[in-house]
Every structure is written in C-alpha cells, then in structure tokens.
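>>> Need a 3D model of the sequence below.
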Amino acid sequence: MKKAWVLFLCWLILLGSPAVVQDAKAQDSSPLKVVLIFDMGGRGDGGFNDSAYSGMEKAVAELGVKAVYVEHKRNLELDYAVSGAAASDAEMIIGVGFAFSEKFDHLAGRHPDKKFVVVDYSANYDERGNLISPPPNLAGLTFREEEGSFLVGAIAALKSRSGKIGFIGGMDSPIIRKFQAGYEAGAKAVRPGIRIYSRYAGITGQAFRDPRKGYRIAVSMYKNGADVIYHAAGETGAGLFQAARKMNRLAIGADIDQSAQAPGRVLTSMLKNIDGAVFEAVQSCAHGNFSGGLKTLGLKERGVGFVYNNQNKKLIPESIHQQVQALRAKIVSGELAVPEASGHRTALSRQELRDLLSRLQSEIQTTLNRLDNDLRHGAKVLAGKDLRGDFARGILQGLYRANPYIIDCETVSDSGIMLAVEPPAHRSSEGADISRQSHMVRLFKTHTPVLSGSFQSVEGPRAVVIHHPVFLKDRKFSGSVSALFAPEYLLSSMIGPIAAYMPVSIFLMQTDGLFIYDVDAKQIGLNIFTDPLYQPFPELIALCRRMADTREGSGVYRFYRKVGEAPIFKTVEWRTVELHGTPWRLAAAFAGDGVER
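Purely as a prediction, here's the structure:
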C-alpha cells in the first residue's frame, strides 16, 4: 500500500497554503489522481463534508484511486487551493459546495484535459432566464434538498405536541433557503396551523462553523415552545444537538444520519446522498465514461431522503411514517410540487454587519500582505542578479503561479524600462518606458516599496501594481520587481458570494474618490467626487468626503428614487485597508429595512 500525493503536499507548502492534506491509500500502480476540496465547514462537520469524504474513501478502497483532501478556513485559501489543484497533475478535481461553481466554470475551460465536479453546483442563466450549460468536462451536481426537507418537515409537525417547531440555517444563501422552504411547506401541508421559528447563524462561511451560536439559537427556540428543531448548518448544528440533549427535546439532522450526535433525541435526519454522488462521479472517470453537465438528484433519483431505521422507529409512530411515505409517492410521481423558495427575507443586526466588515478588512489586508511578502522575497532573491535573464523569469513565473489574482509580473530597470514580463502572453510589454508613472517617480525617489493608485491596464481591467526595489550587493539601486493585479479579481471571490444574497452593497474607494471595487462592476473606475453620475446625490458625496478624511466610522445619507416619494435612508460603515502608505476605504452600505433592530 502506498501513501498518496506527497508531491501535492510539497506543492501546497511552496504556495504557502495552510490547507490540511491527508493521505489516502491506493492499490493500483497507476491510479486515477483526485483532489477533493472541502467546503468552508471542513472535515468533522458531521454532515455535508463528511459525507463527501465517505464517498471519496469508498472510491479509494474499491477503485484504487489516489486522493488528496484539502481544507481551507478562508476564501483566500480556497482560491490558492483551487488554482494549485488545477496546476497539479491531478486528473480530477472535486469541490464540495456552491462556492466552487464560478471558479470551476472558469478552470474547466482552461484545463479541458481535466475533469471537474461541483457538489451543490450553482447554475448560471442568461438574460432571458435560459440555463447556461456547464463546460463539457464539468459535472454540476445539484440536489432537491427541498424535497427531503418537505418530508422531515411533515414528520416534525405531526410529531410536535406544542404546535411549534424550528429551523436553523447556517449561511444565509439560496442553497440553505431550499432546506427552509421545503421544511416549512411540509410542516404546513400536514398541519396548517403549525408555528415555525426560523433563524440563520450568519451571512459568511463562518456561519457553518459556530456551534456556540447554534446552541444559543436552539435554546431560545426551545424556550419559546418549539419541541422539534431541524438544522441545515454544518458544524453549527452541533450546538442544536447539545441543546436537545440538555433540554430533552427533539432535533432533526441533515445530510447524513446524525443520530449519534444526540442518542434518543434525533427524530430523523434529512439525507443527501453526497457520498454516493461523489463515488459515482469518480467511478465514471476511472472507467472512462465521465460526462459533464447539470445533474439534479431528488427523491425520484434517490438523491435525498430521510432516516427511518431501528434507531428512530420508536420516535416515529407507524401512522406518521405511512402518511409521510404517501407524500413521498406524490412528490416522486409529480402530483405534488415542492417549493424551492420560502418567504424568508434576509435581515441582519448592526453588529453582524460590523463583524462582517471587520472580517473582510482582515481578509483583504492578509491577501495584500501575502502578495507583498512574496514580492519582498523575490526582490531579495534577485539582489545582484540580471533582471532580464532566465533566473529572473523563473522568479516572475513563480510569483504568477502562486498568486491567482496577478495579471502579470515584471522586472524594471533603474531607469524605468520593463525588462522581463511573465506570463509569456504579456511579453510584448517588454521595453516599455514607465518611468513617468507617479508610483515609479515615488519608487525612484524613496527606493522603498510602493502601491500604485488604480489605473486602466493595457490588459483590460482596472489594476494596481506593487513594486519592490531590487539592489546590487553594494546596496546600489538596480531596479524593481512588481506584480500587476486587478482588485476586482482579488475581491470578487471574497465579497461577491456575500453581497449577492445580502441586503448590503460593499465597495472599496481610494481617498481621491475613485471606486476600485464595487459589487456593481459598472461603478468600478468612476470617481464619486467628479463623475456626473453622482451629482444628483449630494449627501452621498459629502459622506464619501468624510470617508476620505477618516480611517473608520459610520454615517447616513438619503436619496429620492422619484420626485414626491419618501426618501430612502442608507447607513454606511467603513474601515481602512492600507499598504505602503496607500489607503483604501472598505465600506458597506445598507438600507434601514435590511437591518434588525
């Protein structure tokens, strides 16, 4: 038996990624190589990720494949893991969670020789609402969670003595809302007067890793009379089971049989056959009959279901089981349609929004610091070396591979001439004179690292560049090494998944008023102080001037959608991200009706 993927571990170390890699066993001498990257909850969540792991382990045992398991705790680490896996010699890459959808769509096009799988794939649609098919080498696995949740909702309502039940979601997102929609519909289908408490743990991936918050929410619901609570919250659900044990109430698990979490207190669990779906995807690749496209698994396809076995039969009377089985038959036949969306509307507390902003501030600052440290190391290694030779190109290529947000990397002479540019597609810029650019003037004057302001790059997107000075052995200035990157590329994976489903808009602004990132891409590159688009909003302009002068704070502005209508009030909270004396204001704006009081 051989240990798998020692080389992959080395690759992760070289990238500086803190991902956790675990060995899997393989029997074949030339096995299929598969990377499985977990969702934010990670291994040990007792549900979603552990189910995917079980499916992969079955493939290791029965098919002899080699597997690498990668965990990440932050969005930045996820991007490094995904880019590194695509650049490795893995033949198949599996992402567990909807956050992989857009990334894998892009990578599948760039790596047609590899097979990609996304569990809980988030499909794209064109302007007319037509489905945009995934690339042919990408299998997008989706589940009808609402159908399985409908059945456990019916069980909860029929079992409840108080007429009150609860639902705890992890990250407020379309996938988890499907659980809620089905659960509520199933409960009301069999008991129209049932009262349902619903609450989400948060709006970021952290909401799947917060058992303490899960416990607090569950205790509150139990105290308010709920006697059965269903969770779709990953590791946060452990808090529900703790509360169920302590208060002698019933809980419903998710994704896998979670009866061991609170023996005698778990009424049932809504099953997602993630392990089977992962195994079948790997098996198809190993046997050479892999097919891409969108694959939807519901009750009919046995992709979802619920637990009914010797451990919980005593909790579910036969009359309830028969009634629920009748509902199942109607769903499978198409006689009964289950809604995918509930009437839930996201509302956040002011403290949650502040916490969100602080986490984003920390993550963006860490991203910039990591890239800056890579450049600092490159400048040190290049000291006294030829800045246009093969050695310099090797350093630039390493920087480019290690940082997925970089557009290109350069070495620049002491007179401002671009000497070497990587990747090869951008070498046409070699020989260009950039000595008059303002950040280069600063670099020449101070011989210290600089971060430029935003400008329109030749390559297309608005970009910024970090330069680190390079010196000869006698400390004489010989030029610089730099990385050009688009803040839009760097920030979209951090901010986009949050802002897409939240009642909040997030943007980054230079202190001169230029927007370097906005969830609405049309705003990027516009200047709040000078662009005519913003002149009808004087209160917003005045608030942005305060932001430019103050590192952090909050304020309110109002505007009118139509003349004669009541004004709309928006609150803005902001923080600062800074590198080499260049500050960016990170701000979140939200309307009053999107915040809980």
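>>> Please, which helix or strand holds Tyr69?
For Tyr69, the host element (DSSP states H and E) is strand 66-71.
>>> And that strand, how far out from the chain middle?
Relative to the mean C-alpha coordinate of its chain, strand 66-71 is positioned 19 Å out (Cα atoms, centre = their mean, to the nearest Å).
>>> What separation do you get for the closest residue to Gly202 other than its chain neighbours and Gly525?
Spatial nearest neighbour of Gly202, excluding adjacent residues (Cβ to Cβ, 6 or more residues apart in numbering): Met171 at 6.3 Å. Bear in mind the C-beta positions are built from the backbone N, C-alpha and C, glycine included. Met171 sits 31 Å away from Gly525, taking Cβ to Cβ, to the nearest Å as the criterion.
>>> quick one: what helix or strand has the closest residue to Glu422 other than its chain neighbours in it?
Of all residues not flanking Glu422 in the chain, Leu396 sits nearest, at 3.9 Å (Cβ to Cβ, 6+ apart). In this structure, Leu396 sits in helix 390-402 according to DSSP H and E.
>>> Give the buried residues for that helix.
In terms of neighbour count (16 or more other Cβ atoms under 10 Å), helix 390-402 has its buried residues at 392-393, 395-396, 398-402.
>>> With stretch 424-442 instead?
Buried residues in stretch 424-442 (16+ other Cβ under 10 Å): 426, 434, 437, 439-440, 442.
>>> now, among those, which is nearest to Val34?
Of all the buried residues of stretch 424-442, His426 has the smallest distance to Val34: 32.9 Å, by Cβ to Cβ.
>>> Which residues are in contact with Ile364?
Counting by Cβ atoms under 8 Å, 6 or more residues apart in numbering, Ile364 makes contact with 490-491, 494, 508, 577, 584, 586.
>>> same thing with Val190?
154, 157-158, 323, 327.
>>> could I get the residues you listed as JSON lines with neighbour count and secondary structure?
What follows is the contacts of Val190, written out as JSON lines (neighbours: other Cβ atoms under 10 Å; DSSP: H, G, I helix; E, B strand; the rest coil):
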{"residue": "Ala154", "neighbour count": "26", "secondary structure": "helix"}
{"residue": "Ala157", "neighbour count": "26", "secondary structure": "helix"}
{"residue": "Leu158", "neighbour count": "20", "secondary structure": "helix"}
{"residue": "Gln323", "neighbour count": "15", "secondary structure": "helix"}
{"residue": "Leu327", "neighbour count": "22", "secondary structure": "helix"}
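>>> Pull the most distant pair out of the residues you listed.
The widest separation within the contacts of Val190 (Cβ to Cβ) is 11.5 Å, between Ala157 and Leu327.
>>> Show me whatever sits in contact with both of those two.
186, 190.
>>> CA atoms only for the helix or strand hosting Lys330, dumped as PDB, please.
Take DSSP H and E as the rule and Lys330 turns out to sit in helix 318-333. The C-alpha coordinates for helix 318-333 follow below in PDB (Å, rounded to 0.1, in the frame of the first residue of the first chain):
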ATOM      1  CA  GLU A 318     -46.200   3.900  12.100                       C
ATOM      2  CA  SER A 319     -49.200   6.200  11.300                       C
ATOM      3  CA  ILE A 320     -46.800   9.200  10.800                       C
ATOM      4  CA  HIS A 321     -44.400   7.100   8.700                       C
ATOM      5  CA  GLN A 322     -47.200   5.900   6.400                       C
ATOM      6  CA  GLN A 323     -48.500   9.400   6.000                       C
ATOM      7  CA  VAL A 324     -45.100  10.700   5.000                       C
ATOM      8  CA  GLN A 325     -44.500   7.800   2.600                       C
ATOM      9  CA  ALA A 326     -47.700   8.700   0.900                       C
ATOM     10  CA  LEU A 327     -46.400  12.300   0.500                       C
ATOM     11  CA  ARG A 328     -43.100  10.900  -0.900                       C
ATOM     12  CA  ALA A 329     -45.000   8.900  -3.500                       C
ATOM     13  CA  LYS A 330     -46.900  12.000  -4.600                       C
ATOM     14  CA  ILE A 331     -43.600  14.000  -5.000                       C
ATOM     15  CA  VAL A 332     -41.900  11.200  -7.000                       C
ATOM     16  CA  SER A 333     -44.900  10.900  -9.300                       C
END
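>>> Residues touching that helix, excluding its own?
147, 150-151, 154-155, 158-159, 186, 189-190, 298-300, 306, 308, 336-338.
>>> One more pass at 7 Å, please.
Contacts to helix 318-333, defined as Cβ atoms under 7 Å, 6 or more residues apart in numbering, come from residues 147, 150-151, 154-155, 158-159, 190, 299-300, 308, 336, 338.
>>> State the mean pLDDT of it.
On average, the pLDDT along helix 318-333 is 97.
>>> Same question for stretch 384-399.
What stretch 384-399 shows for mean pLDDT is 94.
>>> on that earlier part again, give me the buried entries from the contacts of helix 318-333.
The neighbour count (16+ other Cβ under 10 Å) marks 147, 150-151, 154-155, 158-159, 190, 299, 308, 336, 338 as buried among those.
>>> Mind putting the residues you listed into TSV with secondary structure and distance to Arg475?
Output for these, formatted as TSV (DSSP: H, G, I helix; E, B strand; the rest coil; distance: Cβ to Cβ, whole Å):
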residue	secondary structure	distance to Arg475
Glu147	helix	69
Phe150	helix	71
Leu151	helix	73
Ala154	helix	76
Ile155	helix	74
Leu158	helix	79
Lys159	helix	77
Val190	helix	79
Leu299	coil	71
Tyr308	coil	75
Leu336	coil	78
Val338	coil	71
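>>> of the contacts of Val190, closest to Arg546?
Closest approach between the contacts of Val190 and Arg546, by Cβ to Cβ: Ala157, at 51.6 Å.
>>> Distance-wise, check that closest one relative to Ala463.
Remark: distance between Ala157 and Ala463 (Cβ to Cβ) = 55 Å.
>>> if we can go back for a sec, distance to Tyr230 added to the buried residues of helix 390-402, as TSV?
Putting these into TSV (distance: Cβ to Cβ, whole Å) gives the following:
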residue	distance to Tyr230
Ala392	58
Arg393	57
Ile395	54
Leu396	53
Gly398	49
Leu399	48
Tyr400	47
Arg401	44
Ala402	43
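>>> So for this protein, which residue is the most central one in space?
Ala99 (4.2 Å; Cα atoms, centre = their mean).
>>> which outside residues touch stretch 142-149?
120-121, 178-179, 181-183, 186, 270-272, 294, 296-299, 303-306, 331, 338-340.
>>> Report how many residues lie close to Val458.
Counted by other Cβ atoms under 10 Å, the residues lying close to Val458 total 13.
>>> where along the stretch 101-250 of the chain do the strands fall?
115-119, 124-125, 131-132, 138-143, 164-171, 195-202, 228-232, 250-255 (DSSP state E, counting those that start in this stretch).
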